[in-house]
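In: Build the 3D model from these lines:
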Amino acid sequence: SIVPRGIGTLGYAQYQPRDQNLFSTEQFDHKLCTLLAGRAAEELKFKNISTGARDDLEKVTQIIYGQIVSYGMNSTVGNLALGQESGHSQKYYSEETARVIDKEARKMVTDAYEKTLQLLSEKFDLIEKVAQHLLKNEILRKDEMQELVGPRPFPELRTYEDMLND
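Out: I've put the predicted structure just below:
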């Protein structure tokens, strides 16, 4: 929707909740691009950015640091869970490792943002089509999205739980 739904909210996106406990790096990559798409679209369309992406950027930061610090999903830092134990304030890594973590986090978000900019640049005509629909109708359902831009170029990502039940 493009109708503001609260203070400081310039639009509203609602995602269907999923019972999912396991995530792949590919799923995180897609989520990062989704979260960065609003900021990237602003930059492409208006050659300027606003404060509207704050919540999305907070989520991006949580996901990226989670990948690096909690899930061992970064080849430079390695297969380590460096998060703090519940209830303890002791950290399990040095200041040097903290600098490496920050450097890797910046690299990951930069890579995801550049990938998002590239994708949106290639599909900008479809973005305009969706924007015009939203300006006219204020909301957009999944079936309307498919009607406007066509079917997904790849199947929807499935959860590990779905795969195990096959």
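In: so how far is the longest helix anywhere in the chain off the chain centroid?
Out: Longest helix in the chain by number of residues (criterion: DSSP state H): helix 95-122. Taking Cα atoms, centre = their mean, to the nearest Å, the mean C-alpha location of helix 95-122 is offset from the chain mean by 12 Å.
In: Just the buried residues of it, please?
Out: Neighbour counts over helix 95-122 (16 or more other Cβ atoms under 10 Å) mark 100, 101, 104, 105, 108, 109, 112, 113, 116, 117, 120 as buried. (Each C-beta comes from the backbone N, C-alpha and C, glycine too.)
In: Outside of stretch 120-136 itself, list whatever touches it.
Out: With contact meaning Cβ atoms under 8 Å, 6 or more residues apart in numbering, stretch 120-136 is reached by 1, 2, 37, 40, 41, 44, 45, 140, 144, 145, 148, 149.
In: For the fifth one, list the residues it contacts.
Out: Taking Cβ under 8 Å, 6+ apart as the criterion, residue 41 is in contact with 120, 127.
In: What helix or strand is it located in?
Out: Element membership of residue 41 [criterion: DSSP states H and E] is helix 25-46.
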